Structure formats: structure tokens, C-alpha cells
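Participant: Quick one: sequence plus predicted model below, questions after.
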Amino acid sequence: MIIIVMGVSGSGKTTIGKLLADSLDWEFSDADAFHSPENVEKMQCGIALSEADRIPWLEDLQTAIKHWLQENKNVVLACSALKDSYRQFLVLDRELTKLVYLKGSYELIQIRLQERSNHYMSEKLLNSQFDTLEEPLDTISMDVAQPPQMIVQNIRAALRL
């Protein structure tokens with residue numbers, strides 16, 4: 001099974017994804033690792049990615065997901081997946097791929113980004129993240145104001161894992 005933990009930058013995808021993977025004894029993967037150096041440089045400079053920038057990234061992610069499904073791997077993937085079209089592209093098997101949406105207010109996410117260090121995603125891009133976000137309707141939604149361990153427990157309960 002693949003669990004895609006999605007949301008805007010600063011919502012806690014990596015933190016929750018790692019905790020969830022550890023609690024399940026599953027593999028963890030971060031979609032940030034799939035970005036090209038050019039995409040990372042753009043984001044470091046506060047430049048939002050275009051659709052053309054995202055296509056190769058999404059294709060690489062889809063290839064990884066296909067591989068994981070073929071090998072029957074259990075993976076938690078932290079991935080923004082902000083648009084419905086991105087999620088449709090990545091969810092290749094609805095039975096074996098589950099989406100978890102980490103939802104938080106702009107103000108809370110902004111504080112988190114201001115406090116974060118050693119990450120290429122600039123706080124300057126927060127507006128573009130929220131502008132791009134198409135909130136999913138058919139997924140598990142978690143309030144990121146909760147403590148991380150509680151979020152993980154709630155995800156596990158919702159997925160019956």
C-alpha cells in the first residue's frame with residue numbers, strides 16, 4: 001500500500017510521514033528528493049514552479065509509485081500533490097493508494113515556515129501554495145494543529161492500520 005501524505009509546504013508532511021512510516025515499519029519517501037536541481041534552485045529563490053517544471057517531477061513520482069506497487073512495497077510518500085490533476089496522476093490504484101490531507105490555517109503554516117531552517121522552500125511561496133491548493137474531497141483530512149503523535153494515531157485509525 002502507498003499512503004500519500006499531502007498538503008502545502010510547512011503542513012508537516014515529512015514529520016508526519018516519517019512518524020507514520022516508523023509506526024507501521026514501512027518505507028518513507030519524500031517527493032522533495034525527486035525535484036531537479038533547477039526546480040530546487042527556483043524554489044530557493046522564491047520562484048513558484050510552473051506546470052512545465054512540475055511535469056518531469058510528477059512523472060518521476062508516478063514511476064516510483066508504479067515500481068512500489070509492482071513490488072508490493074508499503075510506502076509512505078510525503079508529497080504536496082496540491083492539485084486534483086496531480087493526485088489523479090499519482091493515484092494509480094485507488095485500493096492500494098490512500099491520500100491523507102494535512103490541513104492547516106495560513107497563519108499556522110506561516111509561523112512554521114518562519115521557524116524552519118535548512119529547507120529550500122521559501123516562506124515567500126506560501127501564497128502560491130495556498131493559491132494552487134485544490135482541497136481534496138475524497139480523502140482523510142487531518143488538522144495540523146494537533147500534536148504529531150495524535151495525527152499519526154488518527155491516520156492509523158482512519159485507515160484501520
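Facilitator: Yes, it's here.

Participant: Okay, helices next: where are they in the protein?
Facilitator: 13-24, 37-44, 51-70, 84-90, 106-115, 126-132, 148-159 (DSSP state H).

Participant: Same list, those helices, but as JSON lines with distance to residue 1 please.
Facilitator: All C-beta spots, glycine's among them, are computed from the backbone N, C-alpha and C. Listed next are the helices of the chain as JSON lines, based on distance: least, CB to CB, whole Å:
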{"stretch": "helix 13-24", "distance to residue 1": "9"}
{"stretch": "helix 37-44", "distance to residue 1": "28"}
{"stretch": "helix 51-70", "distance to residue 1": "9"}
{"stretch": "helix 84-90", "distance to residue 1": "14"}
{"stretch": "helix 106-115", "distance to residue 1": "28"}
{"stretch": "helix 126-132", "distance to residue 1": "27"}
{"stretch": "helix 148-159", "distance to residue 1": "8"}
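
Participant: Show me which residues of stretch 17-37 are buried.
Facilitator: Neighbour-count burial for stretch 17-37, counted by 16 or more other CB atoms under 10 Å, picks out 17-21, 24, 26, 28-32, 34-35.

Participant: could I get the longest strand anywhere in the chain in PDB with only the CA atoms?
Facilitator: Counting residues, the longest strand in the chain under DSSP state E turns out to be strand 97-103. C-alpha atoms of strand 97-103 as PDB (Å, rounded to 0.1, in the frame of the first residue of the first chain):
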ATOM      1  CA  THR A  97      -3.100   4.100  -2.600                       C
ATOM      2  CA  LYS A  98      -4.600   6.300   0.100                       C
ATOM      3  CA  LEU A  99      -4.400  10.100   0.500                       C
ATOM      4  CA  VAL A 100      -4.000  11.900   3.800                       C
ATOM      5  CA  TYR A 101      -4.500  15.700   3.600                       C
ATOM      6  CA  LEU A 102      -2.700  17.700   6.300                       C
ATOM      7  CA  LYS A 103      -4.900  20.800   6.600                       C
END
